[in-house]
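Asker: my questions are about this predicted structure, shown below with the sequence.
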Amino acid sequence: MIFGLSIAFWITALFTVAGALAAALLKNLVHCALSLTVTFAGLAILFLQLDAQFAGFAQMLVYIGAVAILVVFAILLTRGAGAPEYRIYTSSWLAGIAIAAAVFALLAWSVITSLPAGAGSAAPDVTVLSIGQALMSTYVLPLEIVAVVLTVALIGAVIVAMHDKGDAKTHEQKGGAQ
Amino acid sequence: MTPLAGFLIVAALVFAIGLAVALTRRNAIMVLIGIELMLNAANLNLIAFWRFSPHPEALTGMMFALFSIAVAAAEAAVGLGLVIAYHRHTKTTDLDAMPRMKG
């Protein structure tokens, strides 16, 4: 126990922050995507340490299983793999770092100064059954809205990424079909 | 330092790194990665506050985090689709080289 927190927490936190830092600093975009996956995994383990098993495994499925793969596909489709030939940071990088540091300083200051909270209660008795019952009773309207949002996002992403009508490739495909 | 403070500090660190990534990197995909980091940090905050709340069996924070994960997944799909569409038009994902976002 260090500062009232377990060794497992500190190791996981170290991995999470190191992965995020590597994603911020590495040049090769594929390496960035891999370190992003490390951060996602660390956050999922932190969720598990917070007794949120369902959220932890949902995090693993959605982020490591889907979002990381999606990011890698986007990098490869835009030929972003390999070290870029130009600078990787914008011309206004100093202002960006200053803003991020100020935001972190504010967040850390408010967390450290304003927490009289206790060490926390015993582990809550939350099972997948109770989550499912809550989703189907109290939260059924948000669940349906999220279903609509996901459908709209799926169709929208396909339409946005689809070839245009004026595109030469589409004409070729049409000609081949006819 | 209480356990809640530890988790909140980690979330604040990840959020700040994500913000720095979104503000300083030139590649559009890296900006989306930064946004994902910030969303994940917010989720960690939600779960931590849920775990150390007086009534965790009410499941409010947990549900908020689950819906947030779903919306973040939709955001990632649409954002990366936009980047791919823009790349097909201009052959670049460099943000400094896209001063206008006309199709």
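Answerer: Looks like it arrived, so ask away. Numbers count the residues shown, from 1 in each chain, chains lettered A, B, ... in the order given.
Asker: could I get the average pLDDT for stretch B:64-75?
Answerer: Average pLDDT, stretch B:64-75: 92.
Asker: now the helices: where do they sit in chain A?
Answerer: Counting by DSSP state H, chain A has helices at residues A:7-25, A:29-49, A:53-59, A:68-77, A:93-113, A:128-136, A:140-161, A:168-177.
Asker: pLDDT on the shortest one, on average?
Answerer: Same thing as helix A:53-59. 90.
Asker: skip the chain neighbours and tell me the closest residue to A:Ala101.
Answerer: Sequence neighbours aside, B:Ala16 is the residue nearest to A:Ala101 in space, at 6.9 Å (criterion: C-beta to C-beta, 6 or more residues apart in numbering or on different chains). To be clear about C-beta, it is placed using only N, CA and C from the backbone, and glycine gets the same treatment.
Asker: my guess is that neighbour meets A:Ile99, correct?
Answerer: No - counting by C-beta atoms under 8 Å, B:Ala16 does not reach A:Ile99; the two are 9.3 Å apart.
Asker: neighbour count winner among these two?
Answerer: Counted by other C-beta atoms under 10 Å in any protein chain shown, B:Ala16 and A:Ile99 do not tie: B:Ala16 has more neighbours, with 27 against 16.
Asker: the strand or helix carrying that one - contacts with which helices or strands?
Answerer: Using DSSP states H and E, B:Ala16 maps to helix B:3-24. Packing contacts for helix B:3-24, counted by 3 or more C-beta pairs under 8 Å, 6 or more residues apart in numbering or on different chains; DSSP states H and E, involve helix A:7-25, helix A:29-49, helix A:93-113, helix B:28-51.
Asker: low-confidence regions, the chain specifically.
Answerer: With no chain named, the answer covers chain A. A:1-4, A:80-85, A:115-121, A:164-178 (pLDDT under 70).
Asker: try again with chain B
Answerer: Applying pLDDT under 70 to chain B flags the ranges B:1, B:99-103.
Asker: the closest residue to A:Leu143 other than its chain neighbours and A:Phe54, how far apart?
Answerer: Leaving out its chain neighbours, the residue that sits closest to A:Leu143 by C-beta to C-beta, 6+ apart is A:Leu135, at 5.4 Å. Separation of A:Leu135 from A:Phe54 (C-beta to C-beta, to the nearest Å) stands at 10 Å.
Asker: kindly report the same for B:Phe15.
Answerer: Distance from B:Phe15 to A:Phe54, by C-beta to C-beta: 23 Å.
Asker: and chain A, what are its domains?
Answerer: As given by automatic domain parsing, the domain ranges for chain A are A:1-83, A:127-178.
Asker: ranking those domains by burial, who's on top?
Answerer: Counting by mean count of other C-beta atoms under 10 Å in any protein chain shown, domain A:1-83 has the highest mean neighbour count of these, with a mean of 19.
Asker: that one and chain B, are they touching?
Answerer: Yes - applying C-beta under 8 Å from any C-beta of the partner chain, one finds domain A:1-83 in contact with chain B at A:3-5, A:9, A:13, A:16-17, A:20-21, A:23-24, A:29, A:32-33, A:36, A:39-40, A:43, A:46-47, A:50-52, A:54-55, A:58-59, A:62-63, A:66-67, A:70-71, A:73-75, A:77-78, A:80.
Asker: for the residue nearest to B:Phe49 when sequence neighbours are not counted, what are its contacts?
Answerer: Sequence neighbours aside, B:Gly61 is the residue nearest to B:Phe49 in space, at 5.4 Å (criterion: C-beta to C-beta, 6+ apart). By C-beta atoms under 8 Å, 6 or more residues apart in numbering or on different chains, the contact list for B:Gly61 reads B:Leu46, B:Ile47, B:Phe49, B:Trp50, B:Arg51, B:Ser53.
Asker: of those residues, which is the most crowded?
Answerer: B:Ile47 (28 neighbours).
Asker: wait, isn't it in contact with A:Phe47?
Answerer: Yes - B:Ile47 lies in contact with A:Phe47 (C-beta under 8 Å); the separation is 5.4 Å.
Asker: and the residue lying closest to A:Val111 once chain neighbours are set aside, how far from A:Leu5?
Answerer: Residue nearest to A:Val111 in three dimensions, not counting chain neighbours: B:Leu8, with 4.5 Å by C-beta to C-beta, 6+ apart. As judged by C-beta to C-beta, B:Leu8 and A:Leu5 stand 12 Å apart.
Asker: B:Gly6 now?
Answerer: Taking C-beta to C-beta, one finds B:Gly6 at 5 Å from A:Leu5.
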